[in-house]
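> The following comprises the amino acid sequence and a computationally predicted model.
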Amino acid sequence: DTEVTQTPKHLVMGMTNKKSLKCEQHMGHRAMYWYKQKAKKPPELMFVYSYEKLSINESVPSRFSPECPNSSLLNLHLHALQPEDSALYLCASSQEGGRGGNEKLFFGSGTQLSVL
Amino acid sequence: GDSVTQMEGPVTLSEEAFLTINCTYTATGYPSLFWYVQYPGEGLQLLLKATKADDKGSNKGFEATYRKETTSFHLEKGSVQVSDSAVYFCALSSNTGFQKLVFGTGTRLLVSP
C-alpha cells in the first residue's frame, strides 16, 4: 500500500461550523504534513509532524488545529473558518521522520474545502 | 528566504515535441531539488530529485540536472505524450532541519495529439 488517503474529498462548511479533515497512511512513514493549495497556486506548508510530535507550525491561525493520534493518522480540525480559507488541503507523508531535506513526499489527493 | 522561480505557463506542445521547463532557485547552503507533477484532480507525485551539484535526476523520460553555478534545475523530456499534460512544480528543500518544501508557482503543460 503506497497511498495516502484523505477524507472527505469535498467539504462545504459555514463560518460557524466545526469540521475535521482526515489523513491516513499505512506505509510506516514517520513524518506527516499538511499543505494548503489555493487555486492555481503552489502548495504551502502548514504543519509537520515527526514521530507523532508537532515539529513545524508555519504560523498557521489557531482556527486550524492539527492532531496526530498515532503514526498512521493525521487530522486537521477546523473551526470558525473564513471564506479565504477555501482551498485544497493536501496531506503528505515521508519515510524517515522529515529531517535532512531530501525525502520523497507521498501526497494524498486532497480535500477541496469551501467556506461559505 | 529560499525561493523557486519557474517559467510562466501554459506550455503548449504537440505530441513528440521536445520539452523544457525552466526553474531557478535562491537558497542558502546547498538544498535538495525536486520536480513534482500534479495531474488534474490529484495530489502531487514526485517525478525526480537531485541532492547535490551536478546530480542528474531522471524518471519516465524526464530529466533535470542540478546546476549550482547557474542555480538552475531545468526539466527536459525528449518526446512528450498527451498523457504528460499536467502541472509541473519545481521545489527545493534545505538539507538541515525538518523537510520544508518550497514550491515554484507551477507550469501547466498541455500536449495535443
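Happy to help now that I have it. Everything quoted here is computed from the prediction, not taken from an experiment.

> Excluding covalently adjacent residues, which one is nearest to residue A:85?
residue A:115 (5.2 Å; C-beta to C-beta, 6 or more residues apart in numbering or on different chains). The way it works is simple: take the backbone N, C-alpha and C, and place the C-beta from them, glycine included.

> Identify the residues contacting the one you found.
Residue A:115 makes contact with A:13-15, A:81-86, according to C-beta atoms under 8 Å, 6 or more residues apart in numbering or on different chains.

> mind redoing it with 10 Å?
By C-beta atoms under 10 Å, 6 or more residues apart in numbering or on different chains, the residues touching residue A:115 are A:11-15, A:17, A:19, A:78, A:80-87.

> Can you tell me how far it is from chain B?
From residue A:115 across to chain B, the span is 20 Å (C-beta to the nearest C-beta, to the nearest Å).

> Can you spell out which residues form a bridge with that residue?
Here residue A:115 sits in beta bridges with residue A:13, as judged by DSSP bridges.

> Residue B:54: how many residues sit nearby?
If you count neighbours by other C-beta atoms under 10 Å in any protein chain shown, residue B:54 ends up with 10.

> what's the neighbour count on the residue lying closest to it once chain neighbours are set aside?
Nearest residue to residue B:54, sequence neighbours excluded (C-beta to C-beta, 6+ apart): residue B:66, at 6.3 Å. Per other C-beta under 10 Å, the neighbour tally for residue B:66 reads 21.

> And the pLDDT at residue B:66?
Looking at residue B:66, its pLDDT is 97.

> contacting residues around it?
B:25, B:30-33, B:49-57, B:72-73.

> With residue A:9 instead?
A:108-112, B:41.

> partners of the helix or strand harbouring residue A:47, with directions?
Per DSSP states H and E, residue A:47 falls inside strand A:44-50. With DSSP bridges as the test, strand A:44-50 is paired with strand A:31-37 (antiparallel), strand A:53-57 (antiparallel).

> my guess is residue B:45 contacts residue B:37, does it?
Yes. With contact defined as C-beta atoms under 10 Å, residue B:45 counts as touching residue B:37 (5.5 Å).

> In terms of neighbours, single out the busier of those two.
Neighbour totals were compared for residue B:45 and residue B:37, and residue B:37 leads with 21 against 16 (other C-beta under 10 Å).

> Look up how far chain A lies from the more buried one.
Taken as C-beta to the nearest C-beta, the span from residue B:37 to chain A is 11 Å.

> what do you get for residue B:62?
15 Å.

> what sits against that residue?
Applying C-beta under 10 Å, 6+ apart, one finds that residue B:62 lies in contact with B:19, B:21, B:35, B:37, B:47-48, B:75-78, B:80, B:84, B:88.

> Can you go through those and name the buried ones?
When those are checked for burial by 16 or more other C-beta atoms under 10 Å in any protein chain shown, the buried set is B:19, B:21, B:35, B:37, B:47-48, B:75, B:77, B:80, B:84, B:88.

> Please identify which of these is nearest to residue A:39.
residue B:88 (17.0 Å; C-beta to C-beta).

> Export the helix or strand in which the closest one is found to CSV, keeping only CA atoms.
Assigned by DSSP H and E, residue B:88 falls within strand B:86-93. Output in CSV follows, covering the C-alpha atoms of strand B:86-93 (Å, rounded to 0.1, in the frame of the first residue of the first chain):
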residue,chain,number,x,y,z
ALA,B,86,-0.3,18.2,-16.1
VAL,B,87,1.1,20.9,-13.8
TYR,B,88,4.8,20.7,-13.0
PHE,B,89,6.2,22.1,-9.8
CYS,B,90,9.9,22.7,-9.1
ALA,B,91,10.7,22.7,-5.4
LEU,B,92,13.6,22.9,-3.1
SER,B,93,14.3,21.8,0.5
